[in-house]
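Trainee: got a structure for you, letters missing:
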């Protein structure tokens, strides 16, 4: 096979031209598509074929020589280094599929793919009006500060500290920063042995469910509520009890009394965004103590209150050690970094740490250290301040526009978070609206997925504003209003 036909560049790829060339040549070498005795195309020939600068090809070739994939022979060109293939098993030629393939559908003990999940377009960034929830616009990402921390996390000294087997331990500096910077902002005080690092809040919830939930238990979940926690609990044999929410969050009545555990989002209820008042928080804690209930507090959007100071976390008011506190950095830095933490009594944290070790030992040590540096240098506080100013401006614009927008209404009165929970006319199907909106460059989130009912209401939807540019909010909502009128 001629090497000339193996390489092509993708203009829509997120990788640089040089990196694409390196990746394709590396793949071709490993797959044994390139002979070792035939030179690769000259830099001039390949640059002409790919329509890129010759220096781009030269730099790619030099990098491959440095990495040991190619060798350079004077006046002969670049050749595949035959030593690079040592240790790779040569593929079996003409291997045909056997006739005794297992039926994996009969071997599965669980089918998580059947669960209802929130769906988000992977290419949401190409849409003009991304009212998507849970994503942060790239213009708000602290690129230079994060690069600095990542660079310092791979210094020789830092690598010597985190590259060894950490067993089940977390980065000491990260634990310290959570203990001294993040938790005090929520009124929470914890010792080092009361904190565990997780791969996001969802990981913390999975660990808790795996360790604590049993068949005869009742787990109370807000309805409407967080879809992923519902699916996590569904993996086990515990009984799920849907608990209603109102303008003050979780409804505090006798319906919660028979629960063993209750998952609650008091700062901004998911998905309605309402905030539980202070008196309700105290009442919930007292009821939990009286009825022997453990509360799982997901404090996922604690910082975003635009009319007053944030209320203290439920955990900060807990005198009886009945609250397991779950925090996340996904809503401030980046959802893709998957960094969270939880706070609980030392005995429980020790057992959760042992369980986590069986799953993944610990979250990646280099990522932990990068995050620790980011927190220790005050970059997170600066980011939170910037996000708060930006989100507040967007919140006020959206609140004003949605107030005028007919025939929909904001379903709940909320003063924070990064989204609006919207109720359309009862004749509206939000899933149909979402599909039509995508054709107009608009992303919204249908709300039916958040309800427990077999026949959930179809006219609710969520509009996020963390990823959409401020100047696109009004025109996007105007288009959406026209669609709602047409489809209702």
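Mentor: Looks like it arrived, so ask away. Being a predicted model, the structure only gives us computed values, none of them experimental.
Trainee: now residue 50. Nearest residue, chain neighbours left out?
Mentor: Using C-beta to C-beta, 6 or more residues apart in numbering and skipping residues adjacent in sequence, the residue nearest residue 50 is residue 9, 5.5 Å away. Every residue, glycine included, has its C-beta placed from N, CA and C.
Trainee: wasn't that neighbour part of a helix?
Mentor: No: looking at residue 9 with DSSP: H, G, I helix; E, B strand; the rest coil, it is coil, so not inside a helix.
Trainee: confidence score at it?
Mentor: Listed pLDDT for residue 9 reads 78.
Trainee: quick one: it and residue 62, what's the gap?
Mentor: 18 Å (C-beta to C-beta, to the nearest Å).
Trainee: could you do residue 290 as well?
Mentor: The gap separating residue 290 from residue 62 is 71 Å, by C-beta to C-beta.
Trainee: neighbour count for the two, which is higher?
Mentor: Comparing residue 290 with residue 62 by neighbour count (other C-beta atoms under 10 Å), the higher total belongs to residue 62, at 14 against 9.
Trainee: so the more buried one: helix, strand or coil?
Mentor: Assigned by three-state DSSP, the conformation of residue 62 is helix.
Trainee: please apply the same query to residue 148.
Mentor: Three-state assignment for residue 148 (three-state DSSP): helix.
Trainee: could you report the neighbour count for it?
Mentor: Count around residue 148 with other C-beta under 10 Å applied: 16.
Trainee: could you list the buried residues of stretch 160-169?
Mentor: 161-162, 166, 168 (16 or more other C-beta atoms under 10 Å).
Trainee: just checking, which of those residues belong to helices?
Mentor: Those of the buried residues of stretch 160-169 mapping onto helices are 161-162, per DSSP state H.
Trainee: kindly reformat the buried residues of stretch 160-169 as a markdown table containing distance to residue 464 and pLDDT.
Mentor: Formatted as a markdown table, these follow (distance: C-beta to C-beta, whole Å; pLDDT from 0 to 100):
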| residue | distance to residue 464 | pLDDT |
| --- | --- | --- |
| 161 | 38 | 77 |
| 162 | 34 | 78 |
| 166 | 36 | 70 |
| 168 | 36 | 84 |
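Trainee: which residues of the stretch 251-400 of the chain fall in strands?
Mentor: 261-264, 294-298, 323-328, 340-343 (DSSP state E, counting those that start in this stretch).
Trainee: any regions of this protein where pLDDT drops low?
Mentor: The model of the chain has pLDDT under 70 over residues 1-6, 11-12, 89-95, 303, 411-413.
Trainee: domain map for it?
Mentor: Domain assignment for the chain, taken from automatic domain parsing, gives 3-85, 117-134+382-487, 143-377.
Trainee: to residue 101, which of the ones you listed lies closest?
Mentor: Residue 101 lies closest to domain 3-85 among the domains of the chain, at 24.7 Å (C-beta to C-beta).
Trainee: pull the distance from that closest one to the chain's centre.
Mentor: Its chain's C-alpha centre and that of domain 3-85 lie 35 Å apart, by C-alpha atoms, centre = their mean, to the nearest Å.
Trainee: what of stretch 243-256?
Mentor: 28 Å.
Trainee: swap in stretch 150-157?
Mentor: From the chain centre to the centre of stretch 150-157 is a distance of 25 Å (C-alpha atoms, centre = their mean).
Trainee: and if you look at stretch 307-326?
Mentor: The answer for stretch 307-326 is 23 Å, by C-alpha atoms, centre = their mean.
Trainee: is it true that residue 420 lies in a helix?
Mentor: No: with three-state DSSP as the criterion, residue 420 is assigned strand and is not in a helix.
Trainee: for it, give its distance to residue 376.
Mentor: Using C-beta to C-beta, residue 420 is found at 35 Å from residue 376.
Trainee: one more: residue 71?
Mentor: 44 Å.
Trainee: same check, this time on residue 191
Mentor: Note on residue 191: its distance to residue 376, by C-beta to C-beta, is 19 Å.
Trainee: these two: which has the busier surroundings?
Mentor: The neighbour comparison of residue 191 against residue 376 (other C-beta under 10 Å) goes to residue 376, with 16 against 11.
Trainee: and the closest residue in space to the more buried one that isn't next to it in sequence, how many neighbours?
Mentor: Distances taken as C-beta to C-beta, 6+ apart put residue 177 closest to residue 376, at 5.4 Å, once the chain neighbours are dropped. Residues contacting residue 177 under the criterion other C-beta under 10 Å number 20.
Trainee: so the residue nearest to residue 50 is in contact with residue 56, correct?
Mentor: No: taking contacts as C-beta atoms under 8 Å, residue 9 lies outside contact range of residue 56: 9.8 Å.
Trainee: so what's in contact with the two at the same time?
Mentor: Both residue 9 and residue 56 are contacted by 17, 21, under the criterion C-beta atoms under 8 Å, 6 or more residues apart in numbering.
Trainee: compare neighbour counts for these two and give me the winner.
Mentor: Neighbour totals were compared for residue 9 and residue 56, and residue 56 leads with 19 against 16 (other C-beta under 10 Å).
Trainee: the more buried one against residue 18, yeah?
Mentor: Yes: using C-beta under 8 Å, residue 56 is in contact with residue 18, at 5.2 Å.
Trainee: doesn't residue 196 belong to a helix?
Mentor: No: assessed with three-state DSSP, residue 196 is strand; it does not lie in a helix.
Trainee: contact partners of stretch 240-249?
Mentor: Contacts to stretch 240-249, defined as C-beta under 8 Å, 6+ apart, come from residues 218-225, 230, 233-234, 250-251, 255-256, 258-259, 262, 264-266, 269, 272, 274-277, 280, 412-413, 452.
Trainee: at 6 Å instead, please
Mentor: 218-223, 233, 251, 256, 266, 269, 274, 276-277, 280, 452 (C-beta atoms under 6 Å, 6 or more residues apart in numbering).
Trainee: starting at the chain centroid, how far to that stretch?
Mentor: Using C-alpha atoms, centre = their mean, the offset of stretch 240-249 from its chain centre is 24 Å.
Trainee: any idea where the strands of the stretch 51-200 of the chain begin and end?
Mentor: 70-73, 77-80, 129-130, 195-198.
Trainee: would JSON lines of the ones you listed with distance to residue 33 and mean neighbour count be doable?
Mentor: Formatted as JSON lines, the strands of the stretch 51-200 of the chain follow (distance: least, C-beta to C-beta, whole Å; neighbours: other C-beta atoms under 10 Å):
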{"stretch": "strand 70-73", "distance to residue 33": "14", "mean neighbour count": "16"}
{"stretch": "strand 77-80", "distance to residue 33": "10", "mean neighbour count": "20"}
{"stretch": "strand 129-130", "distance to residue 33": "39", "mean neighbour count": "24"}
{"stretch": "strand 195-198", "distance to residue 33": "42", "mean neighbour count": "25"}
